[in-house]
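1. just coords:
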């Protein structure tokens with residue numbers, strides 16, 4: 001299992017984690033933005049008109065309305081990434097990461113417009129009478145690349161578990177346990193039943209559910225976020241300025257010495273932007289293929305609003321909550337995760353500028369850095385280290401007030417062996433003050449507003465709704481991919497396994513699944529970007545034809 005995990009991490013480093021991947025993603029978006037004359041600006045108003053149903057016709061082919069197709073797709077993109085992903089990006093790249101998320105979203109609006117339009121154009125009606133679409137259909141029916149379509153569909157099924165199912169269930173269970181104390185198996189079982197009731201009803205029930213839940217969860221989250229933003233109103237303008245300035249100077253230091261370089265902030269922001277709004281990944285076109293319309297371009301215009309809502313609005317709000325509250329630069333009491341914890345040789349203080357420079361070099365791989373991993377033994381008495389020339393780094397910051405325990409209560413006394421910076425004792429629990437990241441950082445930020453400590457419950461409820469709706473949307477993506485691969489009869493077995501996996505993941509380790517999903521996402525994205533580039537001329541003709549033919553209706 002460890003060998004497979006290592007292989008997946010290596011593959012991801014050559015694919016999604018590679019330096020060239022953000023340039024490919026942004027490059028395609030930039031190309032279509034210029035080639036189609038900035039459709040995210042030209043068609044922005046018209047997209048909202050289409051959503052309201054102004055141009056709807058009941059007789060048009062499809063399974064659901066424009067609005068419900070949009071909310072289904074949004075339920076897949078508006079997820080834990082909007083809460084924990086933004087926090088993690090800022091933690092790693094500073095305020096500049098948020099700027100590059102904006103850029104990714106702006107260009108991604110065009111990318112999504114293109115992929116949805118082309119996928120909708122080549123959708124099909126299946127044996128059971130429902131619509132099926134997505135990049136696999138234009139790859140097969142238009143490009144005659146069956147092998148590429150099959151690879152994309154398989155990657156979609158894998159991602160449905162690795163992105164939309166198992167990690168979402170695990171994240172919900174951990175959050176509910178930490179906030180309310182409910183056992184993970186109980187949370188997984190209850191939510192598994194609810195998930196089954198929704199997805200077994202197909203796209204009609206999924207769309208009806210998301211049409212209610214997506215607006216509701218956005219309102220709840222927005223109220224909590226604005227409570228923090230208005231409580232720290234004097235910090236909003238400085239926060240915006242830091243996002244802009246740090247994007248071009250690379251001077252941000254997220255909590256002292258761990259500030260990343262400009263290139264690192266760029267990479268983090270672009271990757272987080274993709275994982276948040278999924279523009280270019282090819283997932284959203286599957287949901288939009290169900291929309292009732294004879295005009296593929298009209299549904300494409302609806303879809304360009306997704307990155308705007310998901311990233312430019314919701315992710316920005318999360319970012320402002322974190323930046324304006326100042327929690328991203330503060331050390332907080334927490335239990336250290338073993339993967340975030342590292343012992344280095346020598347004693348360092350991140351309040352000293354000379355130490356900051358050295359630690360920055362160590363954490364960011366600067367050549368010639370003198371800091372080395374610590375190997376040796378540490379004597380600990382009643383949970384406190386009393387010997388050893390070392391510094392404990394947690395979440396890329398110098399840990400303070402550190403306590404060592406066996407379990408959650410018994411303070412450790414004895415000798416702790418460290419090898420290459422990592423403790424060898426498996427059941428050791430280490431706690432203290434350090435920087436935090438991901439959902440924990442957003443949770444702390446939400447307590448710095450008018451609601452005080454109650455703000456943490458808004459994050460927990462937000463995580464629950466966001467993650468659950470993501471699981472619902474991805475179940476649909478997976479079942480359409482299964483329909484393409486094996487036909488409609490394969491959908492019900494897939495849904496049963498999907499629900500079972502959701503329950504199991506609530507109390508299991510999903511680390512391997514995350515690694516597998518990271519690779520699958522790139523296997524979806526790269527073929528999709530390649531395919532829409534091949535059809536760029538057809539895309540332009542389709543849009544121009546739609547825009548000229550519908551002029552009279554738009555003017556009414």
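-> Happy to help now that I have it. Just so it is clear, the structure is predicted and the values come from calculations on it, not from any experiment. Numbers count the residues shown, from 1 in each chain.

2. tell me the centre residue of this protein?
-> Nearest to the mean C-alpha position of the chain, by C-alpha atoms, centre = their mean, lies residue 81 at 3.2 Å.

3. roughly how far apart are that one and residue 354?
-> 37 Å (C-beta to C-beta, to the nearest Å). Quick note: C-beta positions are derived from backbone N, CA and C, even for glycine.

4. Can you verify residue 297 is assigned to a strand?
-> No: the assignment for residue 297, made by DSSP: H, G, I helix; E, B strand; the rest coil, is helix rather than a strand.

5. separation between it and residue 52?
-> Counting by C-beta to C-beta - residue 297 and residue 52 are separated by 17 Å.

6. mind listing the helices in the stretch 251-400 of the chain by residue range?
-> Taking DSSP state H, counting those that start in this stretch to define them, one finds helices in the stretch 251-400 of the chain at 262-277, 284-288, 296-303, 305-307, 316-325, 353-363.

7. closest to residue 71 out of those helices?
-> helix 284-288 (9.1 Å; C-beta to C-beta).

8. which residues touch the closest one?
-> Applying C-beta atoms under 8 Å, 6 or more residues apart in numbering, the contact partners of helix 284-288 are 69-70, 72-73, 76-77, 112, 115-116, 118-120, 133-135, 156, 278, 299-300, 302-303, 306, 473, 476-477, 480-481.

9. circling back: give me the local confidence score for the residue nearest to the centre of the chain.
-> According to the prediction, residue 81 has pLDDT 73.

10. ok, now the one 3 residues further on?
-> In the prediction, the pLDDT value recorded for residue 84 is 79.

11. cool, residue 362 as well?
-> Value for residue 362, per-residue pLDDT: 82.

12. Next up, the contacts around it.
-> Neighbouring residues of residue 362 by C-beta under 8 Å, 6+ apart: 344, 369, 371.

13. likewise residue 133?
-> By C-beta under 8 Å, 6+ apart, residue 133 lies in contact with 119, 120, 122, 123, 124, 285, 286, 288, 289, 290, 480.

14. State the distance from it to residue 168.
-> Residue 133 is 24 Å from residue 168, by C-beta to C-beta.

15. And the lowest mean pLDDT element among the helices and strands of this structure?
-> For the chain, counting by mean pLDDT, DSSP states H and E, helix 2-14 ranks last in confidence among helices and strands (a mean of 53).

16. what's the following helix or strand after it?
-> Following helix 2-14 in sequence order, the next helix or strand is helix 20-35 (DSSP states H and E).

17. quick one: average confidence on that following helix?
-> Here the average pLDDT along helix 20-35 is 89.

18. List the buried residues in it.
-> Buried residues in helix 20-35, counted by 16 or more other C-beta atoms under 10 Å: 21, 22, 25, 26, 28, 29, 30, 31, 32, 33.

19. List the contacts of the residue nearest to the last one when sequence neighbours are not counted.
-> Closest residue in space to residue 33, ignoring its immediate chain neighbours: residue 110 at 4.5 Å, by C-beta to C-beta, 6 or more residues apart in numbering. Counting by C-beta under 8 Å, 6+ apart, residue 110 makes contact with 29, 32, 33, 36, 38, 39, 40, 304.

20. Find the nearest non-adjacent residue to the first one, please.
-> If I follow you right, that is residue 29. Using C-beta to C-beta, 6+ apart, the closest residue to residue 29 is residue 107 (3.0 Å).

21. In terms of helix, strand or coil, where does that neighbour fall?
-> Residue 107 is classified as helix under three-state DSSP.

22. show me where pLDDT drops low in this structure?
-> Counting by pLDDT under 70, the chain shows low-confidence ranges at 1-18, 56, 62-63, 76, 249-271, 273-276, 408-409, 509-518, 552-556.

23. hmm, back to that, thought the residue nearest to the centre of the chain was touching residue 272?
-> Yes: contact criterion C-beta atoms under 8 Å: residue 81 and residue 272 qualify, at 7.0 Å.

24. and which of the buried residues of helix 20-35 is nearest residue 419?
-> Nearest to residue 419 among the buried residues of helix 20-35, counting by C-beta to C-beta, is residue 21 at 33.5 Å.

25. that older thread, I'd like to know which of the contacts of residue 362 is nearest to residue 148.
-> Nearest to residue 148, judged by C-beta to C-beta, of those is residue 369 at 43.9 Å.

26. Any idea how many residues pack against the nearest residue to the closest one once chain neighbours are set aside?
-> Nearest residue to residue 369, sequence neighbours excluded (C-beta to C-beta, 6+ apart): residue 361, at 3.8 Å. If you count neighbours by other C-beta atoms under 10 Å, residue 361 ends up with 16.

27. Now do residue 361 against residue 58, distance only.
-> 65 Å.

28. same question, residue 435
-> Counting by C-beta to C-beta, the gap from residue 435 to residue 58 is 55 Å.

29. Over to residue 192?
-> To residue 58, residue 192 is 36 Å away according to C-beta to C-beta.

30. okay, the two: which has more neighbours?
-> Neighbour count, other C-beta under 10 Å: between residue 192 and residue 58, residue 192 has more, with 21 against 6.

31. if I pick the more buried one, what's in contact with it?
-> Residue 192 touches 499, 500, 502, 503, 506, counting by C-beta under 8 Å, 6+ apart.

32. so what's the first one closest to, chain neighbours aside?
-> The shortest distance from residue 499 to any non-neighbouring residue, by C-beta to C-beta, 6+ apart, is to residue 196 (4.6 Å).

33. And for the fourth one?
-> Leaving aside its chain neighbours, residue 503 sits nearest to residue 192 (3.8 Å; criterion: C-beta to C-beta, 6+ apart).

34. Strands of the stretch 351-500 of the chain, residue ranges please.
-> Counting by DSSP state E, counting those that start in this stretch, one finds strands in the stretch 351-500 of the chain at the ranges 376-381, 384-385, 390-394, 397-398, 400-406, 410-411, 414-419, 422-423, 428-434.

35. Which stretch among those strands approaches residue 350 most closely?
-> Checked against C-beta to C-beta, the stretch from the strands of the stretch 351-500 of the chain lying closest is strand 397-398, at 4.5 Å.

36. picking that back up, if you count what's nearby, which of residue 297 and residue 52 comes out ahead?
-> residue 297 (25 against 10).

37. wait, what's in contact with that one?
-> Counted by C-beta under 8 Å, 6+ apart, residue 297 has contacts 117, 542, 543, 545, 546, 547.

38. Buried among those? Make that a PyMOL selection.
-> Once 16+ other C-beta under 10 Å is used to decide burial, the buried members of the contacts of residue 297 can be selected in PyMOL as follows:
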select buried, resi 117+542+543+546+547
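
39. Among the contacts of residue 297, find me the one that's closest to residue 465.
-> Taking the contacts of residue 297 together and measuring to residue 465 by C-beta to C-beta, the closest member is residue 117, at 29.7 Å.

40. Same question for the closest one, what's its three-state structure.
-> Residue 117 is classified as helix under three-state DSSP.

41. Show me what counts as buried in the helix or strand encompassing the residue nearest to residue 503.
-> Residue 192 is located in helix 184-199, with elements delineated by DSSP H and E. Buried residues in helix 184-199, counted by 16+ other C-beta under 10 Å: 184, 187, 188, 191, 192, 195, 196, 198, 199.

42. pretty sure the second one is touching residue 502, no?
-> No: counting by C-beta under 8 Å, residue 187 stays clear of residue 502, with 10.7 Å between them.

43. Run through the strands of the stretch 51-200 of the chain in chain order.
-> Applying DSSP E, counting those that start in this stretch to the stretch 51-200 of the chain gives strands spanning 124-125, 131-132.

44. Please state the offset of the last one from the chain centre?
-> The one in question is strand 131-132. Mean-position distance between strand 131-132 and its chain equals 26 Å (C-alpha atoms, centre = their mean, to the nearest Å).

45. Equivalent analysis for stretch 355-375, please.
-> 30 Å.

46. same deal with stretch 215-225?
-> 18 Å.

47. Show which residues not belonging to that stretch make contact with it.
-> With C-beta under 8 Å, 6+ apart, stretch 215-225 has contacts from 71, 78, 314, 317-318, 320-321, 446, 449, 451, 455, 458-459, 461-462, 465-466, 469.

48. Alright, that wraps it up for me.
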